[in-house]
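> Provide a 3D model corresponding to the input given below.
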Amino acid sequence: MRILVAEDDAILADAVLHSLRQSGYAVDWVKNGVEADCALAAHACAASTRAPTTSSPSHSISPSWKRACARSRAAACRAVRRFCAMVL
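Residues are numbered from 1 along each chain as shown. Take a look at the predicted model:
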């Protein structure tokens, strides 16, 4: 499990990070809410590289639909990166 800690106080953040890491968690730290939003959005973009699937074998997703979804995800990720570059 990976945990994102948003804390502006470096001393408090260090204590929280140390405790979580000793408990076996992978931890990332950001200093404010904007950085947290950008980190979460970047993680979502990285995790969205797979095409949508369905669990039912009788229903399949057409290749054109998969391409359209991939283009939409890519455009959303580019928009998030531009926003984060402006505010950080």
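> so which residues of the chain form helices?
10-22, 33-47, 63-87 (DSSP state H).
> show me the residue sitting in the middle of this structure in space.
His43 (1.9 Å; Cα atoms, centre = their mean).
> ok, that residue to Pro63 distance?
27 Å (Cβ to Cβ, to the nearest Å). For the C-beta atoms, the positions are set from N, CA and C on the backbone; glycine is no exception.
> then Glu7?
45 Å.
> looking at the two, which one has more neighbours?
Glu7 (17 against 9; other Cβ atoms under 10 Å).
> how about the contacts made by the more buried one?
Ala13, Val16, Trp29, Lys31 (Cβ atoms under 8 Å, 6 or more residues apart in numbering).
> any stretches of the chain with poor pLDDT?
45-62, 64-69 (pLDDT under 70).
> can I see the domain layout of it?
As given by automatic domain parsing, the domain ranges for the chain are 1-31, 33-48+61-88.
> distance between the ends of the shortest one?
Just to be clear, that refers to domain 1-31. Domain 1-31 has its terminal residues 21 Å apart, counting by Cα to Cα, to the nearest Å.
> quick check: buried residues in that domain?
By 16 or more other Cβ atoms under 10 Å, the buried positions in domain 1-31 come out as Val5, Ala6, Glu7, Ala13, Val16, Leu17, Leu20, Val27, Trp29, Val30.
> so what's the first one up against?
Spelled out, it's Val5. Ala13, Val16, Leu17, Leu20, Val27, Asp28, Trp29, Val30.
> how close does it sit to Met86?
24 Å.
> the fourth one now?
Here the criterion is Cβ to Cβ. By it, Ala13 lies 25 Å from Met86.
> Asp8 now?
20 Å.
> returning to what we had before: any chance of the helices of the chain in TSV, plus distance to Met1?
Below are the helices of the chain laid out as TSV (distance: least, Cβ to Cβ, whole Å):
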stretch	distance to Met1
helix 10-22	10
helix 33-47	13
helix 63-87	23
